[in-house]
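Asks: with the input below, show me the fold.
(2 chains)
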Amino acid sequence: MLKAPPGSLVESIFRDPRHLQLLVLASLWMYGLRTFDFGMGLGVSLITIFAALAAQALLSWFFGVPRFDPRSPLISALSLCLLLRVASPWLAVGAAALSIGSKFLIRSGTGHVFNPTNFGIVFLLLSTDGAWVAPGQWGSGALLAFFFACASILVLTRASRWDVSFAFLGCYAALLLARALYLGDPWAIPLRQLQSGSLLLFAFFMISDPKTTPRSRRGRVAFACVVAVLGAGLTLNWFYPVSNGIFYALALGSLSLPLLNAKSPGRPYRWGESRPMAPRGSLAPPV
Amino acid sequence: MKKLRVLLSVLTMAVLVLDLGRAYAFCGFYVAKADTKLFNKASKVVLVRDGDRTVLTMANDYQGDIREFAIVIPVPTFLERDQIRVTENKYIEHLDAYTAPRLVEYFDSDPCEQRMYFLSKAGAGIGTMASRLDGRDAALGVTVEAEYTVGEYDILILSAQESDGLETWLRRNGYRIPEGASSVLDSYIRQNMRFFVAKVNLQEQSRLGYTYLRPLQVAFESPKFMLPIRLGTINADREQELFVFALTRKGRVETTNYRTVKIPSDLEIPVYVKGHDLFGRFYRDMFSTAVARENMRAVFLEYAWDMAWCDPCAADPLSSEELRQLGVFWETGGAGKEAAQNVFVTRLHLRYTAETFPEDLVFQQTGDRRNFQGRYILRHPWIDPWNTQISPRTPTDSRVPGERREGCRALRASYHENLPKQREERAQNLARLTGWDITEIRQKMHLPAPRPGAAEGGEWWKWWKNFRE
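Replies: Coordinates of the predicted model:
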């Protein structure tokens, strides 16, 4: 663990895992703006970010949350910008509003059920023709994958949810490799499937959301494996072929969350608590 | 309750304030000049897709002995006889011409009276050839699920338990299967795919009177939206070329397991590219350069457009009848020439080897209806009719009186001052797009080489060269 003097910039970045996550997402977003031919574009991205912040502010006020925290909606909005493609800016606004709305409205016990971005994406994919996820657009550059992995490990060790990401990736990779072995396919096929940018983004930043993963480690690993099996099955035509099966898989898996949390006791996650020092007042969860 | 009312009114206001509609139109006039057989031995496939329904049309420009022609295609379902048709090349050729990258031409006008003139010509296209396996031999067991004669083709639908059996069967039945096919066949067998095998029936062919091979078309229903390309890469030591024309209802089609990249477009290039059928060479080299830049790991988008119109048109939009012949089953317009509604065309172009495209292409239909076309611009400079020099610094038009003449003089002077810079930019565009030698390009354009170290050259960042000159 990195030790930084209290109050310094480094310390404030590392204090809350969301800060590092925001940094990584923002740099990927800027990389994407330059690189993706079919990305969201600067205008629509800014609209998405604004819509997410506005939704958070409005709903915080409506539900009487004492403090407006921009971090969580920024993360949701940037993830949307990176993953979702829309035919009209209105759909981007809708996705942002749905993502943030789900956090306030679909709740069980102490927390929300769905990862906000995941909910927004799945809702739009199912309800309109004008939204899609472009998993191929990242290419499969090994360098990009490396960057993802390094940056993400940093984020995750702070959020102490690395177990979900690695359980998911391990399980998913094992399934892809097993399939290639069964079909007699060259290794190049599963390996390039694993180097997909949206898969890594999903594994490191979406499924690992501490707020929407089970509280016990055993529960988290089981959760990750279920999502991996469902996701691989959907993506690879086992039950019904859809592109982007992992997103549906996570939404389905999240439905089991209240049950898993009821079975395995544990405290709800609070942002910034992995830090050895006591969390400051300002670090209370956004909702 | 009050809070809810405020919340709702804020939302309504947001809806009213944000008018996010967007319209985008191209302008320009069409002059394409690309060879029809630019990319020899390329496969051309038309994929019509809506919901789970697919119509796949495959065109051939098979050059060899027709008796040796055979084609093996993995298909996701069993095919009844009437799911298989033979169609005409002309429909695919028309679609190819309609979607081909285009050259447009502008004539700069007198800077004093900004107006544009145009010129237009026609013709564009690409060669064909589907992945195939040739054969001659005898016979052995594998399940022949059906056997049909459709048009000039004898067609078999095969299913197999294991690849060795299938390979032996194909060999004995006269299909020349390349080394290494077995493992790929095995992969398809285990994915429960059937094999569509076609050969030419010589008697039928001479009875029908065709001297060339017509495209085969199959229609099936399957959630899989993919195109098998692996069999074609087994024995190919060289690169394969493939064009996919996707016709859909909703919008653009892209690959989900490979990057889809737009071909460079809307760039000004030197006027001489129009002459001597150079545009064909330009497009071929430009495509090769783009492929190299992406390490041959991307699929290129060359055209994405609503089929009801085009601007500029490389060829007329296809009629309802033509689209129905290509398998657009939802198109119910009359038999006349009127343009189709609700058909969106995507033209994808890829060059691949087994190494760079190890997996079959998997597609998805997106909701993106934005138009895109490969379009390259020629711009002829304005020539002062009263002073036939290319760069007259002193306009001599005596008909324009006094003050306006002064204004004109300044406009024309600055126009001519900018010309060499613009021409140099076009030269560099061409060199960058095609990899052609910049010196040669400048020679052809009668453009002087920039002074060594001049800031406008390719090495503008070497600023120190400027003051040391």
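Asks: in chain A, which spans are helices?
Replies: A:9-15, A:17-35, A:41-62, A:71-83, A:89-105, A:116-127, A:142-159, A:162-183, A:188-194, A:197-201, A:217-235, A:245-254, A:257-263 (DSSP state H).
Asks: any idea which of these gets closest to B:Ala198?
Replies: helix A:162-183 (25.0 Å; CB to CB). For the C-beta atoms, the positions are set from N, CA and C on the backbone; glycine is no exception.
Asks: is that closest one anywhere near chain B?
Replies: Yes - Helix A:162-183 reaches chain B (CB under 8 Å from any CB of the partner chain) through A:182-183.
Asks: which positions within that helix qualify as buried?
Replies: A:162-169, A:171-173, A:175-177, A:179-180, A:183 (16 or more other CB atoms under 10 Å in any protein chain shown).
Asks: before we move on, the earlier item: would you mind giving the helices of chain A as TSV with mean pLDDT added?
Replies: Output for those, formatted as TSV (pLDDT from 0 to 100):
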stretch	mean pLDDT
helix A:9-15	66
helix A:17-35	81
helix A:41-62	90
helix A:71-83	90
helix A:89-105	90
helix A:116-127	91
helix A:142-159	65
helix A:162-183	90
helix A:188-194	85
helix A:197-201	83
helix A:217-235	88
helix A:245-254	88
helix A:257-263	73
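Asks: burial of B:Tyr376, as a residue count?
Replies: 27 (other CB atoms under 10 Å in any protein chain shown).
Asks: after the host helix or strand of it, next one along is what?
Replies: Using DSSP states H and E, B:Tyr376 sits within strand B:375-380. Under the assignment DSSP H and E, the closest C-terminal helix or strand after strand B:375-380 is helix B:402-434.
Asks: just after that next one, pick out the following helix or strand.
Replies: helix B:438-444.
Asks: pull out the buried positions in that next one.
Replies: Across helix B:438-444, burial judged by 16+ other CB under 10 Å covers B:438, B:441-442, B:444.
Asks: output these in JSON lines; the columns should cover distance to chain A and pLDDT.
Replies: JSON lines is the format used below for the buried residues of helix B:438-444 (distance: CB to the nearest CB, whole Å; pLDDT from 0 to 100):
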{"residue": "B:Ile438", "distance to chain A": "26", "pLDDT": "86"}
{"residue": "B:Ile441", "distance to chain A": "27", "pLDDT": "86"}
{"residue": "B:Arg442", "distance to chain A": "30", "pLDDT": "86"}
{"residue": "B:Lys444", "distance to chain A": "31", "pLDDT": "83"}
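Asks: before we move on, back to that, using CSV, lay out the helices of chain A together with distance to B:Asp306.
Replies: Supplementary listing: the helices of chain A in CSV, determined by distance: least, CB to CB, whole Å:
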stretch, distance to B:Asp306
helix A:9-15, 48
helix A:17-35, 27
helix A:41-62, 20
helix A:71-83, 27
helix A:89-105, 19
helix A:116-127, 23
helix A:142-159, 34
helix A:162-183, 38
helix A:188-194, 33
helix A:197-201, 28
helix A:217-235, 30
helix A:245-254, 29
helix A:257-263, 43
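Asks: phi and psi next, for B:Phe300.
Replies: phi -100, psi 130 (degrees, to the nearest 10).
Asks: ok, now which ones touch it?
Replies: Contact analysis of B:Phe300 by CB atoms under 8 Å, 6 or more residues apart in numbering or on different chains lists B:260-263, B:287, B:290-291, B:348-350.
Asks: 6 Å instead?
Replies: By CB atoms under 6 Å, 6 or more residues apart in numbering or on different chains, the contact set of B:Phe300 is B:261, B:263, B:349.
Asks: so which of those wins on neighbours?
Replies: B:His349 (24 neighbours).
Asks: and it, how close does it get to B:Tyr283?
Replies: Using CB to CB, to the nearest Å, B:His349 is found at 10 Å from B:Tyr283.
Asks: and the pLDDT for the residue of chain A positioned farthest from its centre?
Replies: No residue in chain A has its C-alpha farther from the mean C-alpha position than A:Gly184, which lies at 32.9 Å (CA atoms, centre = their mean). Note on A:Gly184: pLDDT of 86.
Asks: who in the stretch 351-469 of chain B is up against chain A?
Replies: Residues of the stretch 351-469 of chain B lying close to chain A (CB under 6 Å from any CB of the partner chain) are B:358-359, B:364, B:366-368.
Asks: burial measure for the residue in the stretch 101-250 of chain B positioned nearest to chain A, as a count.
Replies: Proximity to chain A, evaluated over the stretch 101-250 of chain B using CB to the nearest CB, is greatest for B:Ser187 at 4.2 Å. The local packing of B:Ser187 (other CB under 10 Å) involves 23 other residues.
Asks: ok, now which ones touch A:Leu22?
Replies: Contacts of A:Leu22 by CB under 6 Å, 6+ apart are A:Leu74.
Asks: that one and chain B: what is the separation?
Replies: Applying CB to the nearest CB, to the nearest Å, one obtains 25 Å for the distance of A:Leu22 from chain B.
Asks: picking up where we left off before, top of the residues of the stretch 351-469 of chain B next to chain A by number of neighbours, please.
Replies: B:Thr366 (26 neighbours).
Asks: who's the nearest residue to that one once chain neighbours are set aside bridged to?
Replies: Once flanking residues are discounted, B:Thr366 sits nearest to A:Trp132: 4.6 Å by CB to CB, 6 or more residues apart in numbering or on different chains. Per DSSP bridges, the residues bridged to A:Trp132 are A:Arg85.
Asks: test my guess that A:Trp132 contacts B:Asp368.
Replies: No - using CB atoms under 6 Å, A:Trp132 is not in contact with B:Asp368, being 7.9 Å away.
Asks: related to what we said a few turns ago, save the residues of the stretch 351-469 of chain B next to chain A as TSV, and put in secondary structure and pLDDT too.
Replies: As requested, those are exported to TSV (DSSP: H, G, I helix; E, B strand; the rest coil; pLDDT from 0 to 100):
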residue	secondary structure	pLDDT
B:Pro358	coil	88
B:Glu359	coil	88
B:Gln364	strand	91
B:Thr366	coil	90
B:Gly367	coil	88
B:Asp368	coil	89
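Asks: what's the burial count for B:Gln161?
Replies: With other CB under 10 Å as criterion, B:Gln161 counts 10.
Asks: for A:Ala167, which non-adjacent residue is spatially closest?
Replies: Closest to A:Ala167 by CB to CB, 6+ apart is A:Ala224, at 3.7 Å.
Asks: kindly apply the preceding question to A:Leu98 instead.
Replies: A:Leu98 sits nearest to A:Gly120 (CB to CB, 6+ apart), 4.6 Å away.
Asks: contact partners for the one you found?
Replies: Here A:Gly120 is in contact with A:95, A:98-99 (CB under 6 Å, 6+ apart).
Asks: go on, A:Val227?
Replies: A:249-250, A:253.
Asks: again, but for B:Ile155
Replies: Contacts of B:Ile155 (CB under 6 Å, 6+ apart): B:148, B:198.
Asks: A:Leu84 versus the closest residue to A:Val93 other than its chain neighbours, what's the distance?
Replies: Nearest non-adjacent residue to A:Val93, counting by CB to CB, 6+ apart: A:Ala51, 4.4 Å away. Using CB to CB, we find A:Ala51 at a distance of 12 Å from A:Leu84.
Asks: quickly note the distance from A:Ala203 to A:Val113.
Replies: 20 Å.
Asks: on that earlier part again, where does the residue nearest to B:Thr366 land on pLDDT?
Replies: For A:Trp132, the predicted pLDDT is 89.
Asks: how many residues are close by it?
Replies: A:Trp132 sits with 27 neighbouring residues when counted by other CB under 10 Å.
Asks: C-alpha coordinates for stretch B:365-374, PDB please?
Replies: C-alpha atoms of stretch B:365-374 as PDB (Å, rounded to 0.1, in the frame of the first residue of the first chain):
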ATOM      1  CA  GLN B 365     -27.300  -4.200 -36.600                       C
ATOM      2  CA  THR B 366     -27.000  -0.800 -34.900                       C
ATOM      3  CA  GLY B 367     -29.500   2.100 -34.700                       C
ATOM      4  CA  ASP B 368     -27.100   4.400 -36.500                       C
ATOM      5  CA  ARG B 369     -28.700   5.900 -39.600                       C
ATOM      6  CA  ARG B 370     -26.100   8.500 -40.200                       C
ATOM      7  CA  ASN B 371     -24.800   8.600 -43.700                       C
ATOM      8  CA  PHE B 372     -21.300   7.900 -44.600                       C
ATOM      9  CA  GLN B 373     -19.500   7.600 -48.000                       C
ATOM     10  CA  GLY B 374     -16.000   7.200 -49.300                       C
END
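Asks: lovely, talk soon.
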